[in-house]
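Undergrad: Generate coordinates for the sequence data below:
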Amino acid sequence: MIEVENLRKEYGDKVAVDDLTFTVQPGTVTGFLGPNGAGKSTTLRMIAGLDEPTRGRVRVNGADYRRSAAPMAELGILLEAKAVHTGRSARNHLLALAATNGVPARRVDEVIEMVGLAEVARKRVGGFSLGMGQRLGVAGALLGDPRVVILDEPVNGLDPEGVLWIRNLLKALASQGRTVFVSSHLMSEMAQTATRLVVVGRGKLVADTTVDEFVSRATGNGVLVRTPEAPRLREALLRPGITVTSEEQGVLEVFGLTAQEIGTAAWHANLPLYELTSRTASLEEAFMQLTHDAVEYRNQPVDQMKQEVAV
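TA: Numbering: from 1, shown residues only. Below you'll find the model as predicted:
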């Protein structure tokens, strides 16, 4: 378990993390999301004990991680896959980590096999591709067979097979009762992997909830209805708490009712339906909507860019 309580980090006049409080529970994959500059990396570094909080505290499995007698057994973390001596082989890199942390050498071969690096284990890390480096970083995080696993952008540089492998690995670790906390910019991957989300923006907590609940907060969760009797169906559906809009003749978008409820109402009113489609915002759409005010670096609209180029 990871417990973050009133965490704050200041760099001079800049507040990178502002009074964050959340808990990451074992047995589930929790995604850690936020725009660039939101304070994610700083938060992860404080959890790992690499940065000292200005205020607040972090507990890993109920204690201060920095005082653990066997730190790699408590927390396995991947923050920067390139933080490796490029002249060493993958196996020697892991052996050095094992030797300095009281991990048996046999565990090195286990994690090498686990991450799919057996064929290149004796090659120098300096010649590794980005994806191979990511696999080595994951191997290092798992070396101590930790109860808590934190991975920052683990699919960066991986091919589709590698992405699927990471997805299955994270779910397997969670199913073993471990705490799994994953930071990523790939919303589609988080939607398929995570069950819960911690979302931050400008150093503040935006959400600490399930993926489904987070998506449900976004606009765009409605039902598209196509019928030749749109005005009559609209009258049949309207009541307090129900919104019905129409931007095209014969097409309604209904908010506040399920497709089943709309179909039943149309049947009772003896009105034909040509289409009845539930529309749910994607995790990416929900993220963009709910973190809109927390974006530090805002892109210029494409249409405006085209106009400036034309000028």
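
Undergrad: since we're on residue 163, how many residues are nearby?
TA: The number of residues packed near residue 163 is 18, by other Cβ atoms under 10 Å. Using the backbone N, CA and C atoms, a C-beta is placed for each residue, glycine as well.

Undergrad: Grab the nearest non-local neighbour of it.
TA: Closest residue to residue 163 apart from its sequence neighbours, by Cβ to Cβ, 6 or more residues apart in numbering: residue 155 at 4.9 Å.

Undergrad: how many other residues sit next to the one you found?
TA: Using other Cβ under 10 Å, residue 155 has 23 other residues around it.

Undergrad: May I have the residues that are in contact with it?
TA: For residue 155, the contact set (Cβ atoms under 8 Å, 6 or more residues apart in numbering) comprises 134, 162-163, 166, 184, 186, 189.

Undergrad: please redo it, this time with the cut-off set to 6 Å
TA: Going by Cβ atoms under 6 Å, 6 or more residues apart in numbering, residue 155 touches 163, 166, 189.

Undergrad: what's the burial count for the last one?
TA: Neighbourhood size, residue 189 [other Cβ under 10 Å]: 20.

Undergrad: so where does it fall, helix or strand?
TA: According to DSSP states H and E, residue 189 maps onto helix 187-193.

Undergrad: if we can go back for a sec, quick check: pLDDT value at the residue nearest to residue 163.
TA: Looking at residue 155, its pLDDT reads 90.

Undergrad: do residue 220 as well
TA: Per-residue confidence (pLDDT) for residue 220: 67.

Undergrad: Now do the buried residues in the helix holding residue 189.
TA: 187, 189-191, 193 (16 or more other Cβ atoms under 10 Å).

Undergrad: for that helix, packing partners?
TA: Counting contacts by 3 or more Cβ pairs under 6 Å, 6 or more residues apart in numbering; DSSP states H and E, helix 187-193 packs against helix 283-290.

Undergrad: rewinding a little: looking at the contacts of residue 155, which is nearest residue 206?
TA: For the contacts of residue 155, the minimum distance to residue 206 (Cβ to Cβ) is 19.3 Å, reached by residue 189.

Undergrad: Tell me how far that closest one lies from residue 155.
TA: 6 Å (Cβ to Cβ, to the nearest Å).

Undergrad: List the buried residues for the lengthiest helix in the chain?
TA: Identified as the longest helix of the chain according to DSSP state H is helix 160-175. Residues of helix 160-175 classed as buried by neighbour count (16+ other Cβ under 10 Å): 162-163, 165-167, 169-171, 173-174.

Undergrad: Show me where the stretch 51-200 of the chain has its helices.
TA: For the stretch 51-200 of the chain, helices defined by DSSP state H, counting those that start in this stretch occupy the ranges 71-74, 90-100, 106-114, 130-142, 160-175, 187-193.

Undergrad: How far does the third one sit from its chain's centre?
TA: What that stands for is helix 106-114. On the basis of Cα atoms, centre = their mean, to the nearest Å, helix 106-114 sits 27 Å off its chain's mean C-alpha point.

Undergrad: Then the second one?
TA: The gap between the average C-alpha position of helix 90-100 and the chain average comes to 29 Å, counting by Cα atoms, centre = their mean.

Undergrad: before we move on, what about the last one?
TA: Computed by Cα atoms, centre = their mean, the chain-centroid distance of helix 187-193 equals 7 Å.
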